[in-house]
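> Show me the folded form of this:
(one chain, ligands or ions: 1)
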Amino acid sequence: MTEQLFEIKNLKKSFGNHLVLKDISFNVEKEEIISIIGSSGSGKSTLLRCLNLLEDPTDGEIIYQGNNILDPNFDLNHYRAKVGMVFQSFNLFNNLTVLNNCIVPQETVLKRDHELAKTTAIQNLESVGMEQFLEAKPSQLSGGQKQRVAIARAVSMDPDVLLFDEPTSALDPEMVDDVLNAMKKLTEIGLTMIIVSHEMQFVRDISNEILFMDEGVILEHGNPHEIFENPKEARTQDFLKRYLNR
Ligand SMILES: Nc1ncnc2c1ncn2[C@@H]1O[C@H](COP(=O)(O)OP(=O)(O)OP(=O)(O)O)[C@@H](O)[C@H]1O
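Below is the predicted model:
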């Protein structure tokens with residue numbers, strides 16, 4: 001029996017009079033891996049940013065474990081701790097070591113004691129192959145290494161779901177696989193993930209469900225076989241042709 005984590009209903013977002021998300025509805029089951037693909041400007045990042053309230057939705061509902069997070073009485077602090085995000089630009093604390101980047105948020109947000117925070121951090125840094133860099137500062141790391149630290153930091157918070165906003169777009173090509181492999185490993189611990197990515201082979205390999213966005217709507221959704229082998233919409237077909245022929 002699957003457990004529903006999110007129900008997104010008729011979500012809309014405008015910037016001024018530009019309606020960027022037009023009427024978005026979809027569900028996320030626990031442990032599901034959902035990828036969002038689509039052309040530049042179709043609204044993928046805005047959708048992710050609405051889910052963790054980095055952007056305020058203009059209309060609609062985001063039901064998380066049965067409660068609407070847009071309800072003024074909803075406990076946003078708890079929600080923010082449970083919904084992690086990995087950004088294209090890493091967002092590490094540059095003045096902290098790799099280890100402390102992973103420890104400090106656990107201590108401040110989760111009020112974890114230092115020893116547990118440290119053990120958790122080391123375990124997650126090992127899991128992404130960054131155990132030799134515990135005392136390094138972010139400035140000493142490559143982009144791919146920084147992103148693996150950002151993933152370890154996010155996982156150390158025991159999130160219910162991790163949102164990935166184009167996690168490999170800012171990386172040199174030779175770094176991309178290390179980060180994608182670190183993300184694939186997270187499927188082994190049953191983490192729910194919602195991923196915006198232009199890495200089509202990765203999306204195809206990892207996802208249970210793929211949403212194809214076009215001009216602010218989910219034009220088509222389905223499992224990897226349905227989307228990649230048998231896309232129904234001409235826009236999906238064109239998009240995939242462009243990407244797969246690169
Ligand atoms: N803060 C903002 N203020 C005004 N317009 C915005 C803002 N953020 C996004 N937009 C606009 O919303 C539209 C969707 O942007 P978004 O970044 O969500 O697209 P995307 O599908 O993630 O694109 P990409 O693949 O290029 O990252 C774009 O037209 C963008 O210019």
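
> tell me which residues of the helix or strand bottoming out on mean pLDDT in the chain are tucked away?
Using mean pLDDT, DSSP states H and E, helix 76-82 stands out as the lowest-scoring helix or strand of the chain, at a mean of 89. Within helix 76-82, the residues that qualify as buried are 79-82, counting by 16 or more other C-beta atoms under 10 Å. Where C-beta positions appear, they are placed from N, C-alpha and C, glycine not excepted.

> Check those against the ligand and report the nearest one.
Of all these, the one sitting nearest the ligand is R80; the distance, using C-beta to the nearest ligand atom, is 19.4 Å.

> Please list all residues in contact with the closest one.
52-53 (C-beta atoms under 8 Å, 6 or more residues apart in numbering).

> Settle this for me: E215 is touching K44, isn't it.
No. Look at E215 against K44 with C-beta atoms under 8 Å: they stay out of range, at 11.6 Å.

> Neighbour count: those two, which is higher?
In this view E215 and K44 are compared by other C-beta atoms under 10 Å, and K44 has more residues nearby, 23 against 14.

> And the pLDDT at the more buried one?
In the predicted model, K44 carries a pLDDT score of 97.

> Report the separation between it and the ligand.
Here the criterion is C-beta to the nearest ligand atom, to the nearest Å. By it, K44 lies 4 Å from the ligand.

> That residue: what's it in contact with?
Shown in contact with K44 (C-beta under 8 Å, 6+ apart): 36-38, 196, 213.

> Please repeat the previous calculation with a cut-off of 6 Å.
Contact criterion C-beta atoms under 6 Å, 6 or more residues apart in numbering gives 36, 38, 196, 213 as the residues in contact with K44.

> Just among these, which is most surrounded?
Within the contacts of K44, I36 tops the neighbour count with 27 neighbours, counted by other C-beta under 10 Å.

> Hmm, T120 is touching S156, no?
Yes. Because the distance of 5.0 Å satisfies C-beta atoms under 6 Å, T120 is recorded as touching S156.

> Flag the shaky bits of the protein, pLDDT-wise.
Where the chain drops to pLDDT under 70, the residues are 1, 246.

> so where do the strands sit in it?
4-15, 18-29, 33-38, 59-64, 67-68, 83-86, 161-165, 192-196, 209-214, 217-222 (DSSP state E).

> what about the residue lying closest to D113 once chain neighbours are set aside, distance to the ligand?
Distance criterion C-beta to C-beta, 6 or more residues apart in numbering; nearest residue to D113, sequence neighbours excluded, is E107 at 7.8 Å. The gap separating E107 from the ligand is 32 Å, by C-beta to the nearest ligand atom.

> Likewise for N100?
N100 sits 30 Å away from the ligand, going by C-beta to the nearest ligand atom.

> just N10 next, same as before
18 Å.

> returning to that earlier point: relative to K241, which of the contacts of K44 is nearest.
When those are compared for distance to K241, the smallest value, 14.0 Å, is given by G38; criterion: C-beta to C-beta.

> partners of that closest one in the sheet?
Per DSSP bridges, residues listed as beta-bridge partners of G38: M213.

> bridging residues for the residue nearest to Y64 when sequence neighbours are not counted?
What sits nearest to Y64 in space, not counting adjacent residues and going by C-beta to C-beta, 6+ apart, is F6, at 5.7 Å. Using DSSP bridges, the beta-bridge partners of F6 come out as V28, Y64.
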